[in-house]
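Colleague: the following block contains a protein sequence and its predicted model.
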Amino acid sequence: MKIHIMDLSPGDRLKGDVFNNYGVLVLQKESSLSSDAIVKLMQHGIDYVEIEPHTVEHYFQPNNSTSDTIQKIKPFFDEAVDGFEDIFLSALSNGTYDDAKVDDLLQPMVNNLGGQKDVVSLLLLLSDSGNDNYTYNHSLQVGMLSYYIASWLGYSKLEAYEVSKAGYLIDIGKCKLDQDVLSKPGKLTPEEFEEVKRHTIYGHDIILNSTDDEISAIVALQHHERDDGSGYPQGLLDKQIHPYAKITAVADVYTAMTSNRVYQSKHEFLAVLRELNSLSFGKLSPEPTQALIKHLLPNFIGKNVLLSSGEIGSIIMTNQTDFFRPLVRTDSGFVDLSKEREISISEVYM
């Protein structure tokens, strides 16, 4: 019987040879279709195939395991998150922090990042860490993502570490804000928002009072500046913003949007990448933004997802026509999100 490839299931058997539009043999007669074979048919632009009529039970088995490499990094993550609390409280009490302690926390973590290419799994690990203090967890995620973005842009290991450290410290100035305002579930008043914006200035001063690290101080001051001049605190334009601040701004926005906060539920990872792509045309610097998107997208292949339809599946292919709406395999077949626009990914899992 002839069947559309979107309705194929692993285990279906081809009734005849399959050729693409150029006459090239794609799969032979009587081939038993695997998930990879079905993807191959899609990549060759084949819409329908003849299969042998038979019934096979199929099911989706969620993958709940995490690679050993990722699990080895987790203790360094936990230590860096917990350590930031001490740094934050020291800055709150004394207006300074121990810069050597920052290096003691970050260096071991960064040294373990080089061998881990699946950054999405690292982000999922951090989002499921159980640490309910947004500021501390967010600081680590920004530091980690800043390191990766700098590396992808071709910065040296030393430079990438400097960017990571600056990213880790961008919100240190929040220690001087009214914590009730920071944890306010509703919309801030104009006066409250003006005060929150001052965390950039407070952070700049705290860093300079603690160390001679002028770069981290500048990044703390500028990480909310935007290329079109709409940012704060100085309303700087593109070329006036330090390159490191542009990198940390991308990491900051991504992790903020994918995290649960008192006034906002987290957004799904791919939807946030789509939003960042839009922001790269005028707001966020395009180079670090596109580097993040380019390197994160392949990490989603193989990840388990919950669809808005209630089905659970796994991402098997990125659509070239819409990078942010991939092809998903469920226990009932395939869902092409680039075509089935009414369905979306609600959550991504390891």
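Modeller: Looks like it arrived, so ask away.
Colleague: where does the prediction get shaky in the protein?
Modeller: Within the chain, the segments meeting pLDDT under 70 span 1, 6, 54-68, 128-132, 261-265.
Colleague: quick one: the strands in it, in order.
Modeller: Listed in chain order, the strands found in the chain under DSSP state E are 2-4, 18-19, 25-27, 48-50, 304-307, 312-317, 327-330, 333-336, 345-349.
Colleague: not counting its own residues, what contacts the first one?
Modeller: For strand 2-4, the external contacting residues (C-beta atoms under 8 Å, 6 or more residues apart in numbering) are Asp12, Asp47, Tyr48, Val49, Glu50, Ile51. Just so you know, the C-beta spots here come from the backbone N, C-alpha and C atoms, and that holds for glycine as well.
Colleague: list of residues touching stretch 301-321?
Modeller: Outside stretch 301-321, the residues within contact range by C-beta under 8 Å, 6+ apart are 35, 39, 42-43, 60, 62-63, 120, 297-298, 300, 325-332, 334-338, 343-350.
Colleague: residue contacts, the nearest residue to Glu79 once chain neighbours are set aside?
Modeller: Distance criterion C-beta to C-beta, 6 or more residues apart in numbering; nearest residue to Glu79, sequence neighbours excluded, is Leu105 at 6.2 Å. Applying C-beta under 8 Å, 6+ apart to Leu105 gives the contacts Glu79, Ala80, Gly83, Phe84.
Colleague: what is the burial count for the last one?
Modeller: Spelled out, it's Phe84. Applying other C-beta atoms under 10 Å, we find 27 other residues in the vicinity of Phe84.
Colleague: cool, the first one as well?
Modeller: Using other C-beta under 10 Å, Glu79 has 15 other residues around it.
Colleague: how much space separates it from Gly282?
Modeller: Taken as C-beta to C-beta, to the nearest Å, the spacing of Glu79 relative to Gly282 amounts to 38 Å.
Colleague: how about stretch 120-130: buried residues?
Modeller: Residues Val120, Ser121, Leu122, Leu123, Leu124, Leu125, Leu126, Ser127 are the ones in stretch 120-130 that count as buried (16 or more other C-beta atoms under 10 Å).
Colleague: out of these, the closest to Gly173 would be?
Modeller: Within the set of these, Leu126 lies nearest Gly173; the separation is 22.1 Å, counting by C-beta to C-beta.
Colleague: for the closest residue to that closest one other than its chain neighbours, grab the count of nearby residues.
Modeller: Spatial nearest neighbour of Leu126, excluding adjacent residues (C-beta to C-beta, 6+ apart): Gln141 at 5.5 Å. Around Gln141 there are 25 other residues, counting by other C-beta under 10 Å.
Colleague: check Leu158 too.
Modeller: 7.
Colleague: next: the one 4 residues further on.
Modeller: The burial count assigned to Glu162 is 20, neighbours taken as other C-beta under 10 Å.
Colleague: all helices of this structure, in order?
Modeller: Along the chain, the segments classed as helices by DSSP state H run 35-43, 68-94, 99-111, 119-127, 134-152, 157-168, 179-182, 190-197, 199-210, 214-222, 243-257, 269-279, 286-296.
Colleague: same list, those helices, but as TSV with distance to Asp7 please.
Modeller: Formatted as TSV, the entries for the helices of the chain read as follows, by distance: least, C-beta to C-beta, whole Å:
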stretch	distance to Asp7
helix 35-43	10
helix 68-94	35
helix 99-111	46
helix 119-127	29
helix 134-152	39
helix 157-168	46
helix 179-182	51
helix 190-197	52
helix 199-210	53
helix 214-222	52
helix 243-257	35
helix 269-279	24
helix 286-296	30
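Colleague: buried only: go through the contacts of stretch 301-321 for me.
Modeller: Here the buried ones among these, as counted with 16+ other C-beta under 10 Å, turn out to be 39, 42, 120, 297, 300, 325-330, 334-337, 343-345, 348, 350.
Colleague: one step back: out of the contacts of strand 2-4, who's nearest Tyr22?
Modeller: Here the nearest of the contacts of strand 2-4 to Tyr22, counting by C-beta to C-beta, is Asp47; it sits at 15.3 Å.
Colleague: returning to what we had before: Ser230: which of the helices of the chain is closest?
Modeller: Distances from Ser230 to each of the helices of the chain were compared using C-beta to C-beta; the minimum, 10.9 Å, belongs to helix 269-279.
Colleague: what's the angle from the closest one to strand 345-349?
Modeller: Between helix 269-279 and strand 345-349, the angle formed by their directions is 110 degrees, by axes from the mean of the first three to the mean of the last three C-alpha atoms, to 10 degrees.
Colleague: now the angle from helix 269-279 to helix 286-296?
Modeller: Helix 269-279 and helix 286-296 are oriented at 160 degrees to each other (the same axes, to 10 degrees).
Colleague: check which residues of helix 269-279 are buried.
Modeller: Applying a neighbour-count criterion of 16+ other C-beta under 10 Å, the buried positions in helix 269-279 are Phe269, Leu270, Ala271, Val272, Leu273, Arg274, Leu276, Asn277, Leu279.
Colleague: next one: stretch 153-164
Modeller: Using 16+ other C-beta under 10 Å, the residues of stretch 153-164 that count as buried are Leu153, Tyr155, Glu159, Ala160, Tyr161, Glu162, Val163, Ser164.
Colleague: farthest pair within those residues?
Modeller: When those are compared pair by pair using C-beta to C-beta, the farthest-apart members prove to be Leu153 and Tyr161, with a separation of 13.9 Å.
Colleague: nearest residue to Asn304 other than its sequence neighbours?
Modeller: Counting by C-beta to C-beta, 6+ apart, Asn304 lies nearest to Tyr349, which is 4.1 Å off, once chain neighbours are set aside.
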